[in-house]
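Engineer: Okay, structure incoming, though there's no sequence with it:
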């Protein structure tokens with residue numbers, strides 16, 4: 001029994017550490033999932049709590065996993081673990097039956113499980129939980145509870161701060177399809193020979209004599225159009241096929257034209273500023289983006305695209321109020337939330353490859369990278385006098401251009417700026433690993449007993 005308990009603690013601890021960590025690196029993703037659940041259960045008024053709950057839950061799971069392995073406060077932790085798992089196993093059964101949200105989000109975007117898969121996973125874990133719960137009375141805690149609780153509290157606070165850092169910047173590890181280095185076109189392809197979606201179509205016809213409507217399949221629908229009148233058709237997905245990692249990448253202009261092919265085929269640089277909700281976007285970042293729109297005038301190898309899922313009325317009002325001077329393209333809200341966990345966020349594409357992603361807090365202004373460019377942008381923005389305007393209209397200046405820069409001149413400074421962010425990430429990783437190492441070496445507080 002001793003080894004069964006030890007194995008149970010290790011397995012449960014590793015699962016909770018993994019689950020807590022992948023949520024902690026992407027707290028905004030977990031917040032979106034909480035919001036989906038609130039909407040599904042008509043609890044939309046709790047939407048304000050989605051982000052705090054995602055941070056607190058991730059930290060709780062991470063700490064619980066670590067404590068299970070280290071063996072602190074075993075009796076208390078086993079009781080907490082039992083009721084925690086009992087609640088979520090019951091909840092996932094309800095979700096599996098009614099399927100209000102297709103993906104439970106229990107492992108973030110690192111491992112996507114259906115609701116039934118999640119419920120079965122929890123059933124398996126409950127076996128290990130019961131192995132510990134039934135034998136809990138035989139456990140002995142150390143005589144240093146204050147030290148242990150202090151250690152647990154410190155780990156919990158550290159886990160929360162780690163989550164907050166990922167929220168304010170971008171996820172330390174990006175498990176989504178739009179990670180830096182991704183060749184978008186390759187991720188949009190469907191390989192030959194893979195299963196495709198299978199649908200069952202029912203054709204509804206009305207019998208003109210009796211007035212009764214009857215459903216038929218495509219293979220046996222009535223050919224007698226004198227007696228039978230077609231009413232409607234209904235298609236139902238009966239077997240899910242292969243979905244490429246990127247299958248919903250579409251950016252539409254005001255005329256309904258998808259710009260994705262144009263962006264992916266551009267050998268230069270395309271900077272996408274993404275905002276899923278303009279009303280909640282950082283206004284200072286939106287205003288600073290005018291500088292990058294100005295770079296488009298100076299560099300032939302650079303294009304700027306502002307993209308949002310907000311309705312046209314809200315977009316027009318904000319553009320007018322902030323005097324942005326650039327228009328927005330439209331895209332699906334879920335797509336924009338998936339591309340970058342920031343509002344707004346920035347993604348740089350070249351030759352169809354994602355070469356950089358930034359939260360607005362980390363994205364430099366044009367002046368940070370090239371102060372001289374600001375003056376050039378200002379000159380290009382000055383309205384033309386009447387003589388210059390007449391020359392252009394008369395066709396003498398058919399290809400009038402202010403193009404005086406290559407965007408490549410910005411890249412060394414941009415890469416350097418990104419490098420500083422990379423160093424910061426490295427410090428965070430080192431800090432997290434250092435804390436974990438400190439915990440593992442802290443057995444002098446309470447030796448691990450089996």
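Structural biologist: Now that the structure is in, tell me what you want to look at. In this text, all values refer to a predicted model and were calculated from it rather than measured experimentally.

Engineer: CA only for contacts and neighbour counts going forward, please
Structural biologist: Will do.

Engineer: pLDDT weak spots in the stretch 101-250 of the chain?
Structural biologist: Scanning the stretch 101-250 of the chain for pLDDT under 70 picks out the ranges 138, 141-143.

Engineer: Show me where it has its strands.
Structural biologist: With strands called from DSSP state E, counting those that start in this stretch, the stretch 101-250 of the chain shows them at 198-207, 213-216, 228-239.

Engineer: For residue 325, which of the ones you listed is the nearest?
Structural biologist: Closest of those to residue 325 is strand 228-239, at 44.9 Å (criterion: CA to CA).

Engineer: Tell me the first helix or strand C-terminal of the closest one.
Structural biologist: helix 260-265 (DSSP states H and E).

Engineer: what distance separates that following helix from the centre of its chain?
Structural biologist: 22 Å (CA atoms, centre = their mean, to the nearest Å).

Engineer: Specify the stretch among the strands of the stretch 101-250 of the chain that is closest to residue 11.
Structural biologist: Taking the strands of the stretch 101-250 of the chain one by one with CA to CA, strand 228-239 is closest: 33.6 Å.

Engineer: Give me the contacts around the closest one.
Structural biologist: Around strand 228-239, the neighbours that count as contacts under CA atoms under 8 Å, 6 or more residues apart in numbering are 197-208, 222.

Engineer: follow-up on the earlier one: now the strands of the stretch 101-250 of the chain in TSV, with mean neighbour count and distance to residue 283?
Structural biologist: Below are the strands of the stretch 101-250 of the chain laid out as TSV (neighbours: other CA atoms under 10 Å; distance: least, CA to CA, whole Å):
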stretch	mean neighbour count	distance to residue 283
strand 198-207	16	45
strand 213-216	16	54
strand 228-239	13	43
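
Engineer: want to try TSV for the ones you listed, with distance to residue 103 as columns?
Structural biologist: Listed next are those as TSV, based on distance: least, CA to CA, whole Å:
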stretch	distance to residue 103
strand 198-207	21
strand 213-216	32
strand 228-239	17
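
Engineer: what's the closest of those strands to residue 123?
Structural biologist: Residue 123 lies closest to strand 228-239 among the strands of the stretch 101-250 of the chain, at 25.8 Å (CA to CA).

Engineer: what residues are up against the spatially most central residue of the chain?
Structural biologist: Geometric centre of the chain, nearest residue: residue 338, 3.7 Å, by CA atoms, centre = their mean. By CA under 8 Å, 6+ apart, the contact set of residue 338 is 176, 178.

Engineer: again with residue 69
Structural biologist: Here residue 69 is in contact with 9-10, 13-14 (CA under 8 Å, 6+ apart).

Engineer: of those residues, closest to residue 318?
Structural biologist: Distances from residue 318 to these, taken by CA to CA, are shortest for residue 14, at 47.3 Å.

Engineer: Work out for me the element the closest one sits within.
Structural biologist: Going by DSSP H and E, residue 14 is part of helix 2-24.

Engineer: Now find how far off-centre that helix is within its chain.
Structural biologist: With CA atoms, centre = their mean, you get 25 Å for helix 2-24.

Engineer: Now do that helix, average pLDDT.
Structural biologist: Across helix 2-24, pLDDT averages out at 90.

Engineer: Quick check: buried residues in it?
Structural biologist: 5-24 (16 or more other CA atoms under 10 Å).

Engineer: Quick check: which helices or strands does it pack against?
Structural biologist: helix 50-70, helix 115-134, helix 145-168 (3 or more CA pairs under 8 Å, 6 or more residues apart in numbering; DSSP states H and E).

Engineer: just those helices: most buried one?
Structural biologist: Mean neighbour counts were compared across the helices and strands packed on helix 2-24 using mean count of other CA atoms under 10 Å; the top stretch is helix 50-70, at a mean of 23.

Engineer: quick one: secondary structure of the nearest residue to residue 280 once chain neighbours are set aside?
Structural biologist: Spatial nearest neighbour of residue 280, chain neighbours left out: residue 343 (7.4 Å); criterion: CA to CA, 6 or more residues apart in numbering. Recorded secondary structure, residue 343: coil (DSSP: H, G, I helix; E, B strand; the rest coil).

Engineer: quick one: contacts for residue 343?
Structural biologist: Contacts of residue 343 by CA under 8 Å, 6+ apart are 274-278, 280-282, 359-360.

Engineer: Which residue, neighbours along the chain excluded, lies closest to residue 342?
Structural biologist: Using CA to CA, 6+ apart, the nearest residue to residue 342 is residue 359, at 5.2 Å.

Engineer: thinking again about what came up before, roughly how far apart are the residue nearest to residue 280 and residue 363?
Structural biologist: 12 Å (CA to CA, to the nearest Å).

Engineer: Ok, residue 30 next?
Structural biologist: Distance from residue 30 to residue 363, by CA to CA: 24 Å.

Engineer: more neighbours, these two?
Structural biologist: Comparing residue 30 with residue 363 by other CA atoms under 10 Å, the one with more neighbours is residue 30, at 27 against 20.

Engineer: nearest spatial neighbour of the more buried one, skipping sequence neighbours?
Structural biologist: residue 54 (5.5 Å).

Engineer: In this structure that neighbour contacts residue 32, no?
Structural biologist: No. Residue 54 lies out of contact with residue 32 (CA atoms under 8 Å); the separation is 9.0 Å.

Engineer: In which helix or strand does residue 338 reside?
Structural biologist: helix 333-339.

Engineer: Please list all residues in contact with the closest residue to residue 82 other than its chain neighbours.
Structural biologist: Nearest residue to residue 82, sequence neighbours excluded (CA to CA, 6+ apart): residue 129, at 6.2 Å. Going by CA under 8 Å, 6+ apart, residue 129 touches 8, 12, 78, 81-82, 85.
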